[in-house]
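Asks: Structure, please.
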Amino acid sequence: MNWVPRLSTSLCIVAALLAMHSAPAPAQLTGHGGPVRAIAISSDGNNVLSGSFDTAAIRWSLKTESAEQVLRFHSDAVNAVAFLKDGRMVTAGADAKVAIWTPGRQQPDQVFEGHGAPIASLAVSPDGARVASASWDHTVRIWSLGDGAQQVLEGHAQNVNGVAFTPDGRSLVSVGYDRELRIWPLAGGTPNVITLGSPLNAVAVAPDGEIVTGGADGKLRFLMSEGRESGEVQADQTPIVALSISPDGTSVAAAGIGGVVTVIDRKARSIARSLVDTGSPVWSVAFLPDNATLLTGGVDGRIRRWNALTGAPIGSSLQATPHDPLAAYTGDHGAEVFRACVACHTLSEQDAQRAGPTLAGLYGRRIASLPGYRFSDALKAMDIVWTPETVSKLFELGPNAYTPGTKMPEQRIGSAKDRKALTDFLARATAK
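Replies: Here you go, the predicted model:
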């Protein structure tokens, strides 16, 4: 089984049950409504770009610990993000699209299409002129930022989960679930193919050219720039899903599906310390330019800051102040049934949008008709009006059966009594 975003549907359900819910932050933002799948740091260390299963990317200020911009374009999970050398941003995800953004603009400058399956990873060339994307369509593509031209690299037999340029920009490294690490010479020619002992979920390249990859067996494997194996470390007992190398090359941070981030001394090939998050999956990790501070993105939608030298958490999480959006409904059984939905849906138009559309004014509204939210074409073609009866049917049959084409996590409510409590609650809580 692949441990990268193939788990998105089940994890969204977990996120809905576990996530903390936030009051409006600066820029009218509550934060991510689902697991934080990707984190990138700007070259000056002042900004963070995060991508989430909630379909949004967020640009944060580290100085003010506030969200400065929400990037809404993708129709599915945002699995990969990056900063360009000129300050622009790149996002890519399960909708198989790569988007290039200028800070402050509400729509992408460019959109690159060509992949036939979700994109799992991005890399920016050292000269800033190209972006590489790794996809579950078994290919890697290199996109020219100048003219949009693409180069397709084929050879992997299964999902390609990670991609990274070498420091000299002459080669590209990719890893996949087929256990292959491929070093592609960008001037042309046959790639160097190394088969390793485990499906591979992530790859990073150190400043000196050494390659580090993380596997489903919890191991980090180190390879010389030409592909010769030079060591390994058992970083975790669960699959490694994200890697980051400190800018000075001394440390490697490996995030595991079990909630532990291990910091490895790269020279000694040993574990220096472990950072224990919530015990739930950590999907992303990134070093700041100071080589001592680490950011992690969790299944609960939070970005946390850590001292990588001591393992201690630093300050507050990058999110707004938590509160319970259902506090006013204490004792209401319908509100408790609804609690699994609040990670993705708000009850009021005054609250900032989360992963799903607001439910304010739900009853009497035609499906997929809410202005300002991106619905799939399949939903737009349906002839459903939301009423207590249709909402009850949605949870009796399940979203996939009742509304094919939805992004909503699959979930059903088997009890007719619970469905009635939910629909009665929505009638009270969503009326305008």
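Asks: So which helix or strand of this protein has the lowest pLDDT on average?
Replies: In the chain, no helix or strand scores lower on mean pLDDT, DSSP states H and E than helix 8-18, which sits at a mean of 34.
Asks: contacts for whichever helix or strand comes after that one?
Replies: Per DSSP states H and E, the first helix or strand lying C-terminal to helix 8-18 is strand 36-41. By Cβ atoms under 8 Å, 6 or more residues apart in numbering, the residues outside strand 36-41 that reach it are 5, 47-53, 77-83, 89, 283-289, 295-298, 301-303. C-beta: built from backbone N, CA, C; applies to glycine.
Asks: buried ones in stretch 386-405?
Replies: W386, P388, V391, S392, K393, L394, F395, G398, P399, Y402, T403 (16 or more other Cβ atoms under 10 Å).
Asks: got it, and stretch 223-241?
Replies: By neighbour count on 16+ other Cβ under 10 Å, the buried set for stretch 223-241 is L223, S225, E232, V233, A235, D236, T238, P239, I240, V241.
Asks: can you put the residues you listed in JSON lines and add distance to L426, pLDDT and secondary structure?
Replies: Below are the buried residues of stretch 223-241 laid out as JSON lines (distance: Cβ to Cβ, whole Å; pLDDT from 0 to 100; DSSP: H, G, I helix; E, B strand; the rest coil):
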{"residue": "L223", "distance to L426": "55", "pLDDT": "98", "secondary structure": "strand"}
{"residue": "S225", "distance to L426": "58", "pLDDT": "95", "secondary structure": "coil"}
{"residue": "E232", "distance to L426": "53", "pLDDT": "97", "secondary structure": "strand"}
{"residue": "V233", "distance to L426": "51", "pLDDT": "97", "secondary structure": "strand"}
{"residue": "A235", "distance to L426": "45", "pLDDT": "95", "secondary structure": "coil"}
{"residue": "D236", "distance to L426": "42", "pLDDT": "92", "secondary structure": "coil"}
{"residue": "T238", "distance to L426": "38", "pLDDT": "89", "secondary structure": "coil"}
{"residue": "P239", "distance to L426": "38", "pLDDT": "93", "secondary structure": "coil"}
{"residue": "I240", "distance to L426": "41", "pLDDT": "95", "secondary structure": "strand"}
{"residue": "V241", "distance to L426": "36", "pLDDT": "94", "secondary structure": "strand"}
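Asks: Pull the most distant pair out of those.
Replies: Largest separation among the buried residues of stretch 223-241 by Cβ to Cβ: S225 and T238, giving 28.8 Å.
Asks: quick one: low-confidence parts of the stretch 101-250 of the chain?
Replies: For the stretch 101-250 of the chain, applying pLDDT under 70 flags no range at all.
Asks: Now do the strands in it.
Replies: If DSSP state E, counting those that start in this stretch is used as the criterion, the strands of the stretch 101-250 of the chain fall at 110-113, 119-124, 130-135, 139-144, 150-154, 160-165, 171-176, 180-185, 192-195, 200-205, 211-215, 219-223, 229-234, 240-245.
Asks: Can you add distance to V261 and give those strands back as a markdown table?
Replies: Output for the strands of the stretch 101-250 of the chain, formatted as a markdown table (distance: least, Cβ to Cβ, whole Å):
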| stretch | distance to V261 |
| --- | --- |
| strand 110-113 | 31 |
| strand 119-124 | 18 |
| strand 130-135 | 22 |
| strand 139-144 | 27 |
| strand 150-154 | 30 |
| strand 160-165 | 17 |
| strand 171-176 | 19 |
| strand 180-185 | 22 |
| strand 192-195 | 26 |
| strand 200-205 | 13 |
| strand 211-215 | 12 |
| strand 219-223 | 12 |
| strand 229-234 | 14 |
| strand 240-245 | 9 |
